[in-house]
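Visitor: output the structure for:
(chains A and B)
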Amino acid sequence: MSIIEVKDLSFTYGINTPFEKKAVDDVNVCFNEGEVIGLIGHTGSGKSTFVQMLNGLIKPTSGQVLLEGKDIWEKPKEIRKIRFKVGMVFQYPEYQLFDETVYKDISFGPRNKGLNENEIDLTVRKAAKFVGLSDKLLNKSPFDLSGGEKRRAAIAGVIAMDPDVLVLDEPTAGLDPKGREVLLAQIMGYHKERKNTIFFVSHSMEDISRIADRVMVMNKGRLEMFDTPKNIFAQVEKIESMGLRVPQITKIITMLRERGYDLTDGVLTVEQAFSEVVNLLKREGVI
Amino acid sequence: MSFISVENVKFSYDEDKNYVLNGLNLKIEKGEFVALLGHNGCGKSTAAKLLNAMFIPDEGVVVVDNMITSDEKLTYEIRRNVGLVLQNPDNQLVASVIEEDVAFGPENLGVPPEEIRSRVNVALKMVDMYEYRTHAPHKLSGGQKQRVAIAGILAMKPRCIVFDEPTAMLDPNGREEVMNTIQVLKELGITVVLITHYMDEAVMADRVVVMDNGNILTAGTPREVFSQVNLLKKHSLDVPQATELCYKLSGVGLKFDKMPLNTEECVEFLEGVLK
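Guide: Okay, here's the model as predicted:
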């Protein structure tokens, strides 16, 4: 069943001003419950505007967002309820930490949701566990944490609201390779247990190819492609024409294919490429 | 004497002497392009801020172009010579028109107006943003903003620019624009220190320095450094995917004269083997 359906969705900034700009242009798409959706596109392609329409932070100029079949703007006064169902983690969320302790910061969402103290305590600890923050850190000031820990604390604050749909806008930007690895593993672990729908906006094609079930490619406000990572990244030329890149390893295999070597297209990981190349070397009698 | 010389530097952010840098030694030659790698918290950003006297070492000395950074009388001269470009372009642009933003540095240095004009034009042309000189910065893409930030530093005629993860917030095109600009700076003879988490950027440098725990783990040409796949992985650092693939292939008996570092080298090598 589709959890979110987007119909003829458009958004224009600065209508009737000289700066009028169509940020999202007539997008139609359906997302299944429990899917991990990767969202890529160059700066200004409309990704952020699009995801902000999913939880009603931006009201569409035209078209609809249907959450479980119902238009989220049906009762504009109740739009706040939508935001508990669709959680949003912005870019650099560590700048949004504000409370005295990590515990209080994470409990802000559940408290506003109207849970009692017991429930709040349970949710906070569960959310902290999902992102790998130890109990010891909960009583610290968020400002005494390391960069990676701050990021995880901020994500825990959104997870604590237990959203059915979680939107992460460039969650790994600025983290070192290990930090990325840890965060990705935690998000995937959380997803496996909670089985909710996740939107993952990123400029890292390597990250996208590793975790997404399907990838949306946006270009100039339009939804240009929507398919599995394998099928998307097999189209190197099209991806590059939109100002994006495919993972380096995908590019290597594609170039070898273009030179006539018999390899599968849409290779996404070094492991896959390794076994492809080893098989080729064996067939050619090199090893 | 090297252009920049860091000698036995210790630095701590608190009174308890938890040293972030612990006896660091680093020499950078004039015109060199050095990439600084290491995981978060290894001390690389701290090291960068020592290079232009933002921080003064607790112990040891940093000498830039024969000027010692702990001498307060030299602070301005050092900062004019060593510019700093940071991660977030939005935090670095101050004016509402691009050419005014670029003029901010030289204005504060007391450069005469005609000369400011020509410096601004030259700097904007160098980063290929001259056509945008009368635009407002907030309308630019991330890569363009970052190039304007670089122009603002170029207008002060620095001899060295330190980049602290300048591409972390940019899309693939923006990253490429900034990396192309860095190549241009190098050709102009400007010393470049680039802190990055992207291994494909580090391979463009003349020399790669890997930091760990406040000190240098390994250093050398990109090929020397990235050939040590095991060491880097052990310290939770990455190598380019091209290098990783070839490293794995060496495990099944392929021999390498030189370790491929990028897409082209890797494809070329594999073609050579297959022929």
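
Visitor: mind listing what's buried along stretch B:239-250?
Guide: Across stretch B:239-250, burial judged by 16 or more other Cβ atoms under 10 Å in any protein chain shown covers B:Val239, B:Pro240, B:Gln241, B:Ala242, B:Thr243, B:Glu244, B:Leu245, B:Cys246, B:Tyr247, B:Lys248, B:Leu249. C-beta: built from backbone N, CA, C; applies to glycine.

Visitor: whoops, I mixed them up, stretch A:214-232
Guide: Buried-residue list, stretch A:214-232, by 16+ other Cβ under 10 Å: A:214-219, A:221, A:223-226, A:228-230, A:232.

Visitor: so of the residues you listed, which ones are in strands?
Guide: A:Arg214, A:Val215, A:Met216, A:Val217, A:Met218, A:Asn219, A:Leu223, A:Glu224, A:Met225, A:Phe226 (DSSP state E).

Visitor: dig out what the second one forms beta bridges with.
Guide: In this structure, A:Val215 has beta-bridge partners A:Gly38, A:Asp227, where bridges are defined by DSSP bridges.

Visitor: could you tell me which residues of the stretch 101-250 of chain A lie near chain B?
Guide: Within the stretch 101-250 of chain A, the positions near chain B by Cβ under 8 Å from any Cβ of the partner chain are A:146-148, A:173-179, A:181, A:203, A:205-206, A:243-245, A:247-249.

Visitor: quick one, which of these are buried?
Guide: Counted by 16+ other Cβ under 10 Å, these give A:148, A:173-179, A:181, A:203, A:205-206, A:243-245, A:247-249 as buried.

Visitor: narrow the buried residues of stretch B:239-250 to those in helices?
Guide: B:Gln241, B:Ala242, B:Thr243, B:Glu244, B:Leu245, B:Cys246, B:Tyr247, B:Lys248, B:Leu249 (DSSP state H).

Visitor: tell me which residue of the stretch 101-250 of chain B lies closest to chain A.
Guide: Taking Cβ to the nearest Cβ as the measure, the stretch 101-250 of chain B has B:Ser236 as its residue closest to chain A, at 3.6 Å.

Visitor: let me know the closest of the buried residues of stretch A:214-232 to B:Arg147.
Guide: Nearest to B:Arg147, judged by Cβ to Cβ, of those is A:Asn219 at 22.5 Å.

Visitor: now do the closest residue to the closest one other than its chain neighbours against A:Lys129, distance only.
Guide: Nearest residue to A:Asn219, sequence neighbours excluded (Cβ to Cβ, 6 or more residues apart in numbering or on different chains): A:Met242, at 4.5 Å. According to Cβ to Cβ, to the nearest Å, A:Met242 and A:Lys129 sit 39 Å apart.

Visitor: do A:Ile253 as well
Guide: Counting by Cβ to Cβ, the gap from A:Ile253 to A:Lys129 is 39 Å.

Visitor: dump the residue contacts of the residue in chain A positioned nearest to chain B.
Guide: For chain A, the residue closest to chain B is A:Lys178, as judged by Cβ to the nearest Cβ, at 3.6 Å. By Cβ atoms under 8 Å, 6 or more residues apart in numbering or on different chains, A:Lys178 lies in contact with B:His39, B:Ser236, B:Leu237.

Visitor: same thing but 7 Å
Guide: A:Lys178 is in contact with B:His39, B:Ser236, counting by Cβ atoms under 7 Å, 6 or more residues apart in numbering or on different chains.

Visitor: give the buried residues for the helix or strand encompassing it.
Guide: Using DSSP states H and E, A:Lys178 sits in helix A:177-194. Residues A:177-184, A:186-187, A:190-191, A:194 are the ones in helix A:177-194 that count as buried (16+ other Cβ under 10 Å).

Visitor: now do stretch A:23-33
Guide: A:Ala23, A:Val24, A:Asp25, A:Val27, A:Val29, A:Phe31.

Visitor: need these in JSON lines (columns: distance to B:Ser2 and pLDDT).
Guide: Listed next are these as JSON lines, based on distance: Cβ to Cβ, whole Å; pLDDT from 0 to 100:
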{"residue": "A:Ala23", "distance to B:Ser2": "50", "pLDDT": "94"}
{"residue": "A:Val24", "distance to B:Ser2": "53", "pLDDT": "96"}
{"residue": "A:Asp25", "distance to B:Ser2": "55", "pLDDT": "96"}
{"residue": "A:Val27", "distance to B:Ser2": "55", "pLDDT": "97"}
{"residue": "A:Val29", "distance to B:Ser2": "57", "pLDDT": "97"}
{"residue": "A:Phe31", "distance to B:Ser2": "56", "pLDDT": "97"}
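
Visitor: would you mark the buried spots in stretch A:136-144?
Guide: Those would be A:Leu137, A:Leu138, A:Lys140, A:Pro142, for stretch A:136-144 by 16+ other Cβ under 10 Å.

Visitor: now do the phi/psi pair for the second one.
Guide: By that I understand A:Leu138. phi -60, psi -30 (degrees, to the nearest 10).

Visitor: can you tell me how far it is from B:Thr191?
Guide: Distance of A:Leu138 to B:Thr191, computed by Cβ to Cβ: 45 Å.

Visitor: please tell me the pLDDT value assigned to the residue of chain A closest to chain B.
Guide: Per-residue pLDDT puts A:Lys178 at 85.

Visitor: okay, the buried residues of stretch A:136-144 in TSV with pLDDT next?
Guide: Shown next, in TSV, are the buried residues of stretch A:136-144 (pLDDT from 0 to 100):
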residue	pLDDT
A:Leu137	92
A:Leu138	95
A:Lys140	93
A:Pro142	92
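
Visitor: what two of the residues you listed have the greatest distance between them?
Guide: A:Leu138 and A:Pro142 (10.2 Å).

Visitor: who touches both of those two?
Guide: Common neighbours of A:Leu138 and A:Pro142 (Cβ under 7 Å, 6+ apart) are A:Val102.

Visitor: the buried ones among the residues of the stretch 101-250 of chain A next to chain B in helices, which ones?
Guide: A:Gly148, A:Pro177, A:Lys178, A:Gly179, A:Glu181, A:Met205, A:Glu206, A:Gln248, A:Ile249.

Visitor: taking the ones in strands among the buried residues of stretch A:214-232 together, which two end up most distant?
Guide: Across these (Cβ to Cβ), the longest gap, 16.7 Å, separates A:Arg214 and A:Asn219.

Visitor: low-confidence ranges in chain B?
Guide: Judged against pLDDT under 70, chain B has no low-scoring part.

Visitor: re the thing from before, in helices, which of the buried residues of stretch A:136-144 fall?
Guide: Going by DSSP H, the helices hold A:Leu137, A:Leu138 from the buried residues of stretch A:136-144.

Visitor: quick check: chain neighbours aside, which residue is closest to the residue of the stretch 101-250 of chain B closest to chain A?
Guide: Distance criterion Cβ to Cβ, 6+ apart; nearest residue to B:Ser236, sequence neighbours excluded, is A:Lys178 at 3.6 Å.

Visitor: beta partners of residue 24?
Guide: Using chain A here. For A:Val24, the residues forming beta bridges with it (DSSP bridges) are A:Phe11.

Visitor: wrong one, I was asking about chain B
Guide: Where B:Leu24 sits in a bridge, its partners, by DSSP bridges, are B:Val9.

Visitor: that one: what's it in contact with?
Guide: B:Val6, B:Val9, B:Ala47, B:Gly214, B:Asn215, B:Ile216.

Visitor: can you tell me how far it is from B:Gly38?
Guide: 12 Å.

Visitor: and the spatially most central residue of chain A, what element?
Guide: By Cα atoms, centre = their mean, chain A has its centre lying nearest to A:Phe200, at 1.0 Å. Assigned by DSSP H and E, A:Phe200 belongs to strand A:197-201.

Visitor: that strand vs strand A:214-219, what angle?
Guide: Here strand A:197-201 runs at an angle of 40 degrees relative to strand A:214-219 (axes from the mean of the first three to the mean of the last three Cα atoms, to 10 degrees).

Visitor: for the helix or strand containing A:Asp26, packing partners?
Guide: Using DSSP H and E, A:Asp26 maps to strand A:21-32. Secondary-structure packing of strand A:21-32 (3 or more Cβ pairs under 7 Å, 6 or more residues apart in numbering or on different chains; DSSP states H and E): strand A:2-13, helix A:47-54, strand A:222-227.
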